[in-house]
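>>> Please find the sequence and the predicted model below.
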Amino acid sequence: MSKEDIGITVSKEDDFSEWYTQVVLKAKLADYAPVKGLIVLRPDGYSIWESLRNTFDKKFFKNGIRNGFLPVLIPESLLGKEKKHFAGFNPEVFWVTHSGENEIGDRLALRPTSETLAYTLYSKWIQSWRDLPLKINFWNTALRAEIKATKPFLRTSEFLWQEGHTVHATKEEAEEEVMKILEIYKNTVEDELAIPVVIGKKSEKEKFVGAVYTTTMESIMPDGKALQMGTSHFLGQNFSIPFEVKFADKDNVEHFAWQSSWGVSWRLIGAMIMIHGDNKGLVLPPKVAPIQVVIVPIYNSEETKKIVIPKAREIQEKLSSENIRVHFDDRDELTPGYKFNDWELKGVPIRIEIGPKDIEKQSMMVAKRYNKEKTSIQFDNIKNIVSILDEIQKQMLESAKIQSEKNTRKVDSYSEFKSKISDGGFFNAYWCGNQECEEKIKEETSADIRVIPFDSEDTSGKCMYCQKQSTCKPVFARGY
RNA sequence: GGGAUCGUGGUCUAGCUUGGUAUGAUACUUGCCUGGGGGGCAAGUGGUCGCAGGUUCAAAUCCUGCCGGUCCCA
């Protein structure tokens, strides 16, 4: 193996797909499981998920949401209670048909999503207006048999996610919840993962099967394809009626409740890899990085080693006391050069080099992963590392925003759209609101309506497909 | 759903056409030298050739089925 064959061997620009897979595997985030479409998370990958989970949990809790646990098996009779919902999920359900040697009469689904199971329970738990609102979130996995080619984090037959299920006395309150959650999703993804998103509604065609409407956040990836980053659904009474989730109101009249459900998955990790990674490998935003700062000591003799190591340990202690997640790479058998490349592949936001030359000057070299800048910082100014990490986090979001804007275009005519769609990107274009046009566009260009941004109701234009008066201006794109 | 392609020590790979004890690099272990961008020398460990059948005196190699990966098209 030559030097060029170590690390990532293709460039992000030339072969995006291969680049992505290599980053996932070589940065040791995940590996393939022995079953088609399933992956295994390794600690560096799982840490990112844990970090996101902690952030979401804090925000959910503030919003009065608590966590629960649901089992993975759902009887077919339950899953089929809401007909559209069932029809939508049925093609990709894994079925458990046997327990040991015995065939199971009412076969069991490995949950593709838990609405039906949760609401069966909810109907038992809710009787009075005093029981509302009921807001529970579940951290678990969902299983959907993928026919399409799978890709770690982006499309797998089992994925980690959270699914929240809330029940409210009024329509207004449920809709408010849908929006609150979408807001939490948006600010978490932007603040933690440094990924800009566009929020809005899904079209009727693209909404969650069984929902009244679906709100979504969408991002554009560097290869020009759109990725759905999370959805928050207003379920209305579509589930509360078949599942009899009802309550006696203050006037002692029984009402069906109003519901919301919402989820984000480890897809967010995939998006983070694609958006920020480069030809050296992963680039982690500081807030979710399992290791934020790595210290690489440099020495060329036993004597210098004796000076360098204690100083490096001291720096480690100081950073640690500033609540920075710091790692001291004391592997003696590897050269500094090897370590630099290794930590760059893993995406650690800041690398500190400390060697004899630095100690003479009472300083250390600080290298930023995301822009490869190297600066010397005095030992006395070590607390600056905290603000440098903040700075990196902000700048990563800024540059992601610039990328995203570059990938967003306005088009006036369908011919213009057709000629540009293969370049990828988000396209803002007028639409009449008619599903036929939406389907034709999908058929002819394989692009669909990713999101209809809020406040994009717009009757000032003409549908790019049929030329009738527009109702809104959605974002069209080819998606993952 | 349709098509193409791949699977050989941890990783990458030669060998396969024309069947005969599996090649090289890297990684790993030990020792010495090294050390500011993927170090050097020496010795050593490590392989059910994806799985299961079949053909054959003999299969990594030929045949069939399955499993898994990747890409393209719908």
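All right, it came through fine.

>>> and the residue sitting furthest away from the middle of chain A, what pLDDT?
Here chain A reaches farthest from its C-alpha mean at residue A:303, the gap being 48.2 Å by C-alpha atoms, centre = their mean. Confidence at residue A:303, expressed as pLDDT, is 89.

>>> what residues are up against residue A:320?
Going by C-beta atoms under 8 Å, 6 or more residues apart in numbering, residue A:320 touches residue A:326. (C-beta placed from N, C-alpha, C; glycine too.)

>>> Repeat that for the one 5 residues further on.
Contacts here follow C-beta under 8 Å, 6+ apart; on that basis residue A:325 touches A:289, A:290, A:291, A:292, A:293.

>>> Tell me the residues of the stretch 201-350 of chain A that contact RNA strand B?
Residues of the stretch 201-350 of chain A found near RNA strand B (C-beta under 7 Å from any atom of the strand) are A:280, A:298-301, A:305, A:332-338, A:340-342, A:344-345.

>>> Separate out the buried members of those residues.
By neighbour count, with 16 or more other C-beta atoms under 10 Å, these hold A:280, A:298, A:299, A:340, A:341, A:342, A:344, A:345 as buried.

>>> if we can go back for a sec, mind picking the two most distant members of the contacts of residue A:325?
Greatest spacing in these, by C-beta to C-beta: A:290 and A:293 (11.4 Å).

>>> which of these two has more neighbours?
residue A:293 (25 against 18; other C-beta atoms under 10 Å).

>>> you'd agree that one is up against residue A:385?
Yes - judged on C-beta atoms under 8 Å, residue A:293 makes contact with residue A:385 at a distance of 6.5 Å.

>>> Now do the shared contacts for these two.
With C-beta under 8 Å, 6+ apart, residue A:293 and residue A:385 have common neighbours A:319, A:324, A:350, A:352.

>>> ok, so of these, who is nearest RNA strand B?
residue A:352 (8.6 Å; C-beta to the nearest atom of the strand).

>>> so who does that closest one touch?
A:293, A:294, A:295, A:296, A:315, A:364, A:365, A:366, A:367, A:385.

>>> ok, now residue A:133?
Per C-beta under 8 Å, 6+ apart, neighbours of residue A:133: A:64, A:166, A:167, A:168, A:169, A:173, A:177.

>>> How about the second one: which residues does it bridge to?
Beta-bridge pairing for residue A:166 (DSSP bridges): residue A:135, residue A:260.

>>> Cross-check the contact I'm expecting between it and residue A:260.
Yes - using C-beta under 8 Å, residue A:166 is in contact with residue A:260, at 4.8 Å.

>>> and residue A:470, how many residues sit next to it?
21.

>>> Now the phi/psi pair for it, please.
phi -80, psi 160 (degrees, to the nearest 10).

>>> ok, it touching residue A:462?
Yes - taking contacts as C-beta under 8 Å, residue A:470 lies within contact range of residue A:462: 6.0 Å.

>>> Give me the common contacts of those two.
Shared contacts of residue A:470 and residue A:462, counting by C-beta under 8 Å, 6+ apart, come down to A:430, A:432.

>>> Tell me where the stretch 201-350 of chain A has helices.
All helices of the stretch 201-350 of chain A, identified by DSSP state H, counting those that start in this stretch, fall at A:267-276, A:302-321, A:336-346.

>>> Without its sequence neighbours, what residue ends up closest to residue A:78?
Excluding its sequence neighbours, the residue lying closest to residue A:78 (C-beta to C-beta, 6 or more residues apart in numbering) is residue A:116, at 4.8 Å.

>>> Which stretches in the stretch 301-450 of chain A count as strands?
Secondary structure of the stretch 301-450 of chain A (DSSP state E, counting those that start in this stretch): strands at A:326-328, A:350-354, A:363-368, A:374-378, A:408-410, A:426-428, A:448-453.
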